[in-house]
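Trainee: A predicted structure for the sequence below; I have some questions about it.
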Amino acid sequence: MAATLSWLAERPWILALPVLAVAGAGVAHVLLRREAARRERIRVRGLRYLVEHLDGLHYTQFEYAVRDLMRRDGCEDAEQVGGGGDNGADVKATDPFGRRWVIQCKHRRAGWAGSAVGTPDLQRLNGTGRQMHDGDVVVMLTNGRFSAPALDFARSQRLHLVDRHLLARWAVGSTPLWELLRAVPPPRKPTSLS
């Protein structure tokens, strides 16, 4: 033991090696995370989907795609929250104007040819979107279509509808959803964008 201590005393740099290795690994980890975040920001800014691609997704992947499009448009806190017990919200986000978005997604494997989204789905969203989720902009979004009664109900309740055609415009472009919808509420808070 004394010989080992004497040997280490003559070579103090050896004791620094584990410390340097741990510090180097920590720096490398931070740099890798920053680079991954930078790449994600670039990916999200240029994100585009063809509506036909969205048709082929599983409904959960469809919700994540909608979340990513909201992030592309500047909603940094956009999150996919759908699943059992989601209380009518699949995606929630806050836009750069401070408005809280609550989006219910209805994926139709057959797209426009699939069954129309009807009034019962809108009634559920209407009952939870503002009250439970504090939504300023409550949206039903589908890669399909809406029934005529659903269109009337949405108008009467200030619900926003995104059908296949509007989704296609939003997903392939760079125009935020709030610029494509009519009668979106005013900003909650003044921002540099308002």
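Mentor: Structure received.
Trainee: can we go C-alpha only for contacts and neighbour counts from here?
Mentor: Will do.
Trainee: Contacts only, for the residue nearest to the spatial centre of the chain.
Mentor: The residue lying closest to the centre of the chain (C-alpha atoms, centre = their mean) is residue 67, at 2.0 Å. Going by C-alpha atoms under 8 Å, 6 or more residues apart in numbering, residue 67 touches 78-80, 91-92.
Trainee: Check residue 173 too.
Mentor: Going by C-alpha under 8 Å, 6+ apart, residue 173 touches residue 48.
Trainee: Per-residue pLDDT of it, please?
Mentor: You'll see residue 173 listed with a pLDDT of 89.
Trainee: when you give positions from now on, start the count at 19
Mentor: From this message on, residue numbering opens at 19, which makes the last subject residue 191.
Trainee: Moving C-terminal from the lowest-mean-pLDDT helix or strand in the chain, which element do we reach first?
Mentor: Least confident element among the helices and strands of the chain, by mean pLDDT, DSSP states H and E: helix 31-63 (a mean of 71). Counting by DSSP states H and E, the next helix or strand C-terminal to helix 31-63 is helix 69-73.
Trainee: Now do the same contact list for residue 207.
Mentor: For residue 207, the contact set (C-alpha under 8 Å, 6+ apart) comprises 115-116.
Trainee: Check residue 159 too.
Mentor: Residues counted as contacts of residue 159 (C-alpha under 8 Å, 6+ apart) are 121-124, 179-181, 185.
Trainee: now do 7 Å
Mentor: Contacts for residue 159 (C-alpha atoms under 7 Å, 6 or more residues apart in numbering) come out as 121-124, 179-181.
Trainee: quick one: secondary structure of it?
Mentor: Recorded secondary structure, residue 159: strand (DSSP: H, G, I helix; E, B strand; the rest coil).
Trainee: Return the set of residues that bridge with it.
Mentor: residue 123, residue 180 (DSSP bridges).
Trainee: ok, the contacts of residue 85 vs residue 203, which is closest?
Mentor: Within the set of these, residue 110 lies nearest residue 203; the separation is 16.2 Å, counting by C-alpha to C-alpha.
Trainee: Using the record, which stretches count as separate domains in this structure?
Mentor: Using automatic domain parsing, the domain ranges for the chain come out as 31-63, 69-198.
Trainee: can you put these in JSON lines and add distance to residue 24?
Mentor: Listed next are these as JSON lines, based on distance: least, C-alpha to C-alpha, whole Å:
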{"stretch": "domain 31-63", "distance to residue 24": "13"}
{"stretch": "domain 69-198", "distance to residue 24": "57"}
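Trainee: Between these, which one is closest to residue 25.
Mentor: Minimum separation from residue 25 across those (C-alpha to C-alpha) falls at domain 31-63, 10.1 Å.
Trainee: For the chain, give me the ranges with low pLDDT.
Mentor: Applying pLDDT under 70 to the chain flags the ranges 53-63, 208-212.
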